[in-house]
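In: Sequence and predicted model, in that order:
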Amino acid sequence: MTLLRTGSLFTAVLVALIAAVVSILSGLAICDALRHSAGLHTARAVVGWWPLLIYGPWMVASLSILRSALHQRRALHSWSIVLLFSTLATLLCVAQAPRTIAAGTSSALPAVAALACFQQLVRQITLTRPPRQAAPRHRTPPASVLGQAATAGRGQDGVPAGYSAAERKAVRSPSGGRGFGYGA
């Protein structure tokens with residue numbers, strides 16, 4: 001492993017640890033506010049579990065996003081759930097805070113900080129696992145065409161003779177520094 005790769009991996013692990021600590025601390029910080037928001041209208045046995053109703057779906061969706069990031073997949077539905085429950089947690093906490101700007105901001109900060117740290121963690125995972133090479137959108141030309149391309153003359157656009165119009169669009173010119181490959 002090179003020094004750059006080691007440093008990158010160390011940074012990703014450090015981001016993961018900080019994101020976990022911030023998420024735990026933000027959950028602890030707003031736990032009482034979430035319990036208090038449910039206390040007036042909910043049975044006493046359920047009030048203790050009320051924060052789990054907010055952070056449970058948040059945590060499940062977060063784990064789904066992490067899994068999707070590891071498999072290099074999109075997680076739009078999971079991100080919408082994380083944003084929804086982060087917004088709910090923020091609104092419930094702000095509703096319980098005194099009506100000052102400082103109190104409203106400080107009550108919104110834990111949920112927003114947890115969301116920001118989580119988003120940065122996902123970015124670190126996607127950086128440490130570069131995307132897989134996507135399958136070409138066009139068919140690969142037969143080996144005989146590639147063999148002819150090495151010896152045949154080139155057309156005005158720099159693409160070897162024998163290619164159809166669609167293949168001419170798909171094949172990059174060797175003068176572009178990329179050799180024979182399919183463009184995106």
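Out: That came through fine.

In: So what touches the one helix or strand H77 maps to?
Out: Using DSSP states H and E, H77 maps to helix 76-96. With CB atoms under 8 Å, 6 or more residues apart in numbering as the test, helix 76-96 has contacts from 30, 33-34, 36-37, 54-55, 57-58, 60-62, 64-65, 68, 104, 107-108, 110-112, 114-115, 118. Bear in mind the C-beta positions are built from the backbone N, C-alpha and C, glycine included.

In: immediately after it, which helix or strand?
Out: Next element after helix 76-96 (DSSP H and E): helix 101-128.

In: could you give the mean pLDDT of that next one?
Out: Mean per-residue pLDDT for helix 101-128: 90.

In: Same question for it: list its buried residues.
Out: Across helix 101-128, burial judged by 16 or more other CB atoms under 10 Å covers 104, 107-108, 110-111, 113-115, 117-118, 121-122, 124-125, 128.

In: Likewise for stretch 39-50?
Out: By neighbour count with 16+ other CB under 10 Å, stretch 39-50 contains the buried residues 47, 50.

In: Need the distance between the two termini of that stretch.
Out: Stretch 39-50 has an end-to-end distance of 9 Å (CA to CA, to the nearest Å).

In: List of residues touching that stretch?
Out: By CB under 8 Å, 6+ apart, stretch 39-50 touches 34-35, 37-38.

In: Lowest-confidence one in those?
Out: Across those, no position has a lower pLDDT than A38, which has 74.

In: Kindly report the domain assignment for the chain.
Out: 7-128, 136-184 (automatic domain parsing).

In: Return the member of the ones you listed having the minimum mean pLDDT.
Out: Lowest mean pLDDT within the domains of the chain: domain 136-184, a mean of 54.

In: Helices along this structure, start to end?
Out: With helices called from DSSP state H, the chain shows them at 3-39, 44-47, 50-70, 76-96, 101-128, 143-151, 165-170.

In: can I have stretch 52-68 written out in CSV, keeping just the CAs?
Out: The C-alpha trace of stretch 52-68 is given here as CSV (Å, rounded to 0.1, in the frame of the first residue of the first chain):
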residue,chain,number,x,y,z
LEU,A,52,-36.6,5.0,18.7
LEU,A,53,-39.6,5.8,16.5
ILE,A,54,-37.7,8.7,15.1
TYR,A,55,-34.2,7.3,15.0
GLY,A,56,-35.1,3.7,14.3
PRO,A,57,-36.1,4.4,10.6
TRP,A,58,-33.3,6.8,10.4
MET,A,59,-30.8,4.1,11.4
VAL,A,60,-32.3,1.4,9.2
ALA,A,61,-32.2,3.7,6.2
SER,A,62,-28.7,4.8,7.1
LEU,A,63,-27.5,1.2,7.1
SER,A,64,-29.2,0.7,3.7
ILE,A,65,-27.4,3.7,2.3
LEU,A,66,-24.1,2.4,3.6
ARG,A,67,-24.8,-1.0,2.1
SER,A,68,-25.7,0.6,-1.2
